[in-house]
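**Q** Starting from these lines, generate the structure:
(2 chains)
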Amino acid sequence: MKQSYDFNIKQIKNLSQEEITSRQKNLDLFYESGFPSKQVEDWKFTDLNLILNKNFESISNEVNLESNKELKTIENFEHNHIFLNNGKIISTSFSYEEKNKILIKDFDQKETTNLDLGNTLTLLNNALSSGGFSLEITKNYKLKKPLVIYNYFSKDLKNKIINNKNSIKLNEGSELILIDYNEGHVQSNFIKNTIDTVSLDENAVLKNILIQESKSNGHFYKYIKGSLEGGSNYENYILSSGLKLNKIEIEINLNKDNSSCSIYSALNLLEDQHQEIKTRINHNSPNCKSYQKIKNVLNDNSKGVYQGKIFVEKIAQKTDAYQLSKALILNDNAEFDAKPELEIYADDVKCSHGSTSGSIDSDAVHYLMTRGIPKKEAVKLLINGFLDEVLENITITELKFFLQEILERQINGL
Amino acid sequence: MLKIKNLKATINEKIILKGLDLNIKPGEVHAIMGPNGSGKSTLANVLSGKSGYEIEGEINFEGMNLNDLKIEERAQKGIFLAFQYPLEIPGVNTNNFLKTSLNSVRKARGEKALDTLTFLKLIKEKAKELNIDEKFLSRQLNVGFSGGEKKKNEILQMKLLEPKLSILDETDSGLDIDALRIVADGVNSYKNKENAFLIITHYQRLLDYIKPDYIHVLSAGKIIKTGNADLGEQLEKTGYANLG
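**A** Got it, this is the predicted structure:
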């Protein structure tokens, strides 16, 4: 079945005529090619058009659906929070922080973003985006507790697409742990198309953690574009198991000396879940570091994809770049695809990449079973051991426990 | 406790055990000695339930047919095998493994699972008895452990799970004299009237520290001689060759 589109710009609130015209242009361009299929190189392992055709009869944009859920925060974990419904701010709380250090408001839709328009999902986002947030941390302010962004969704999202843009800016010397937390089991098929623009000024530090907390029929696409100034550090953790489809594209621009980024993922995919992580790290300046460790466990007929590109500009001498993907394939019907790419124009660099996939060590399973541990538990213990490694650099005990618990729940199938 | 009758075991169409009989009662320590390739480790593997073996004959443990029990059930019912080569398992935290193991066994026995704090207190005590540095417990299971540390870790698991029958497969190999003494002390302090040991070894030296009630000589898949502790010393002098 081929789905039909019913995208409506005029129902989006508070748009000027000028904005409507500009949005319509983007939409017209989107219609020319539609959702990306595997013919598009960046989508060769995730044929979005095919997947959507299979799962959606029609697609229309979400317009001001009611949020009717009771809002609940995570217990036994001290944090600030923002509640979003379909990407729109409902409430915020920064009770652990000093006043006037954090600016949070609705995303200004007039704000232009410098994004690749060859990506039709960007065009669609430009045409239909509403809601979203804009977060800014003032100079030298280090948040005392993590900030959790709770993503809630309306009950009836069947055949809907949500488009959001968010902006996250850390001014010089500021620090933030940002947890993007997807709540609630959503049964209906829906799409979420999000663009996050991250900008880190000198010596700013951001830990950006993406968590899925329940099984969901959501089909998610997220584009994170980060720009890093000197001495700043961006760390990304992806713990998003549970989604029917998820593609996370991360583009990090290391624009000034001594900036660094790392991307870690730990995924345990079940059933027909499909997740792709696509990264592009641009080393645009000397003495920058990037590190990527992608770990996937593939059960049933799930599919995992990693496309990782490291790009080193001619001036970016003394670059230190590393990427590794490892997959544990537990079922003959499961699949893992990796496409590592290095494009290097500087001559004094340290770049390495590797990719391995294999099955679970049956001798290890036997050993654990001789200690009274049933096979299923033994396998889980080994999966946990395999994935847990990506959390090894988290030194904040509270945060580590919190993430370890999430990971354990994901390994148990949520 | 353990009654083995005419046990035959075949792997990859090669018959290793060719009709073995063994009878172990509570409170007894049995040693099985024999040259390389006589089937010592096969016996340990078969008792632990390792897959790949074709088995004939009877193995009865505490009134149960052992072949009907899954690997983990054997452990839960009280059989423990200390491995000749304990596995290194990257990523799996030793404490976490020990706790999962103990609680699986406790659950099967109808006992309450221990919470983390109670468990940590218990494991610290047990580790201390074996002179194991606590730091090892927070490391990945056996990863980077020396031969002696791995073997001590096996004995720690034995003491934690409190099995009825402990099978020690070449536990003395790779141990220096101090580690050997600690391991032997560990075994001796656990030994009582209710439990039993089956010690598989190539050499006499472990038996200097853990005194067996019976020594069996295994050769070409069969027990060819059974004696008391003196048999070990005799073998040390004359070797296996003279037994025919």
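**Q** CA atoms for contacts and neighbours, from now on please.
**A** Noted.
**Q** what sits against residue A:245?
**A** Taking Cα atoms under 8 Å, 6 or more residues apart in numbering or on different chains, we find residue A:245 in contact with A:217, A:218, A:219, A:220, A:273, A:274, A:275.
**Q** So what sits opposite the last one in the bridge?
**A** On DSSP bridges, the residues paired with residue A:275 through beta bridges are residue A:246, residue A:304.
**Q** for the helix or strand where residue A:176 lies, what is the average pLDDT?
**A** Using DSSP states H and E, residue A:176 maps to strand A:175-182. Averaging pLDDT along strand A:175-182 gives 97.
**Q** sorry, back to before: any idea which of the contacts of residue A:245 has the most stuff around it?
**A** Top of those by neighbour number is residue A:275, holding 30 neighbours under the definition other Cα atoms under 10 Å in any protein chain shown.
**Q** Do I have it right that that one meets residue A:247?
**A** Yes - using Cα atoms under 8 Å, residue A:275 makes contact with residue A:247 at a distance of 5.6 Å.
**Q** Out of the contacts of residue A:245, which is nearest to chain B?
**A** Comparing those against chain B with Cα to the nearest Cα picks out residue A:275 as the nearest, at 23.3 Å.
**Q** so what's that closest one up against?
**A** A:245, A:246, A:247, A:269, A:303, A:304, A:305.
**Q** can you redo the residues you listed as a markdown table with distance to residue A:187 and pLDDT?
**A** Formatted as a markdown table, those follow (distance: Cα to Cα, whole Å; pLDDT from 0 to 100):
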| residue | distance to residue A:187 | pLDDT |
| --- | --- | --- |
| A:245 | 13 | 96 |
| A:246 | 16 | 97 |
| A:247 | 19 | 98 |
| A:269 | 18 | 96 |
| A:303 | 21 | 97 |
| A:304 | 22 | 97 |
| A:305 | 24 | 98 |
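**Q** Just after the strand holding residue A:176, pick out the following helix or strand.
**A** Using DSSP H and E, the next helix or strand after strand A:175-182 towards the C-terminus is strand A:186-200.
**Q** which other helices and strands contact the next helix or strand after that next one?
**A** Under the assignment DSSP H and E, the closest C-terminal helix or strand after strand A:186-200 is strand A:205-212. In terms of contacts (3 or more Cα pairs under 8 Å, 6 or more residues apart in numbering or on different chains; DSSP states H and E), strand A:205-212 is packed against strand A:175-182, strand A:233-239.
**Q** closest one to residue B:186 among those?
**A** When the helices and strands packed on strand A:205-212 are compared by Cα to Cα, strand A:233-239 sits nearest residue B:186, at 43.0 Å.
**Q** Spatially nearest residue to residue A:117, not counting backbone neighbours?
**A** Excluding the flanking residues, the one nearest residue A:117 by Cα to Cα, 6 or more residues apart in numbering or on different chains is residue A:123, at 6.2 Å.
**Q** Let's see the pLDDT reported for that neighbour.
**A** pLDDT for residue A:123: 95.
**Q** For stretch A:73-86, measure first residue to last.
**A** End-to-end distance of stretch A:73-86 (Cα to Cα, to the nearest Å): 17 Å.
**Q** what about that stretch, average pLDDT?
**A** Taken as a whole, stretch A:73-86 carries a mean pLDDT of 94.
**Q** do stretch A:57-64 as well
**A** pLDDT averaged over stretch A:57-64 gives 85.
**Q** Counting neighbours, which bits of that stretch end up buried?
**A** A:58, A:59, A:60, A:61, A:62, A:63 (16 or more other Cα atoms under 10 Å in any protein chain shown).
**Q** same thing with stretch A:350-359?
**A** A:351, A:353, A:355, A:357.
**Q** Which parts of chain B are helices?
**A** Applying DSSP state H to chain B gives helices spanning B:40-48, B:71-77, B:94-108, B:116-129, B:134-137, B:147-161, B:177-190, B:230-238.
**Q** quick one, which of those helices is nearest to chain A?
**A** helix B:71-77 (4.1 Å).
**Q** Show me what the closest one packs onto, helices and strands only.
**A** Applying 3+ Cα pairs under 8 Å, 6+ apart, one finds that helix B:71-77 contacts helix A:362-369, helix B:40-48, helix B:94-108.
**Q** Ok, which of these comes nearest residue A:239?
**A** The nearest among the helices and strands packed on helix B:71-77, by Cα to Cα, is helix B:94-108 at 21.2 Å.
**Q** Skip the chain neighbours and tell me the closest residue to residue A:85.
**A** residue A:152 is the one closest to residue A:85 (Cα to Cα, 6+ apart), at 4.6 Å.
**Q** residue contacts, the residue nearest the centre of chain A?
**A** Geometric centre of chain A, nearest residue: residue A:248, 4.6 Å, by Cα atoms, centre = their mean. Residues near residue A:248 by Cα under 8 Å, 6+ apart: A:221, A:222, A:223, A:224, A:276, A:277, A:278.
**Q** need the buried residues of stretch A:57-64 in JSON lines with distance to chain B and secondary structure, can you?
**A** Supplementary listing: the buried residues of stretch A:57-64 in JSON lines, determined by distance: Cα to the nearest Cα, whole Å; DSSP: H, G, I helix; E, B strand; the rest coil:
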{"residue": "A:58", "distance to chain B": "45", "secondary structure": "strand"}
{"residue": "A:59", "distance to chain B": "43", "secondary structure": "strand"}
{"residue": "A:60", "distance to chain B": "45", "secondary structure": "strand"}
{"residue": "A:61", "distance to chain B": "44", "secondary structure": "strand"}
{"residue": "A:62", "distance to chain B": "43", "secondary structure": "coil"}
{"residue": "A:63", "distance to chain B": "46", "secondary structure": "coil"}
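**Q** and the helix or strand harbouring residue A:339, what other elements does it pack with?
**A** Counting by DSSP H and E, the element that carries residue A:339 is strand A:335-344. Applying 3+ Cα pairs under 8 Å, 6+ apart, one finds that strand A:335-344 makes contact with strand A:303-312, strand A:320-329, strand A:350-358.
**Q** Residue A:108: neighbouring residues, count only.
**A** Quick note: residue A:108 (other Cα under 10 Å) scores 15 neighbours.
**Q** what's the answer for residue A:155, then?
**A** 16.
**Q** pretty sure it is touching residue A:186, no?
**A** Yes - using Cα under 8 Å, residue A:155 is in contact with residue A:186, at 7.2 Å.
**Q** still on that earlier bit, next, give me the two most distant ones among the contacts of residue A:275.
**A** A:247 and A:269 (13.2 Å).
**Q** More neighbours: which of these two?
**A** Taking other Cα under 10 Å, residue A:247 and residue A:269 do not tie; residue A:269 has more neighbours (27 against 23).
**Q** Against residue A:86, how distant is whichever residue of the stretch 51-200 of chain A sits closest to chain B?
**A** Nearest residue of the stretch 51-200 of chain A to chain B: residue A:76, at 17.3 Å (Cα to the nearest Cα). Counting by Cα to Cα, the separation of residue A:76 from residue A:86 is 26 Å.
**Q** which of the two has more neighbours?
**A** residue A:86 (26 against 8).
**Q** count of neighbours near the closest residue to residue B:103 other than its chain neighbours?
**A** The shortest distance from residue B:103 to any non-neighbouring residue, by Cα to Cα, 6+ apart, is to residue B:113 (5.0 Å). Using other Cα under 10 Å, residue B:113 has 16 other residues around it.
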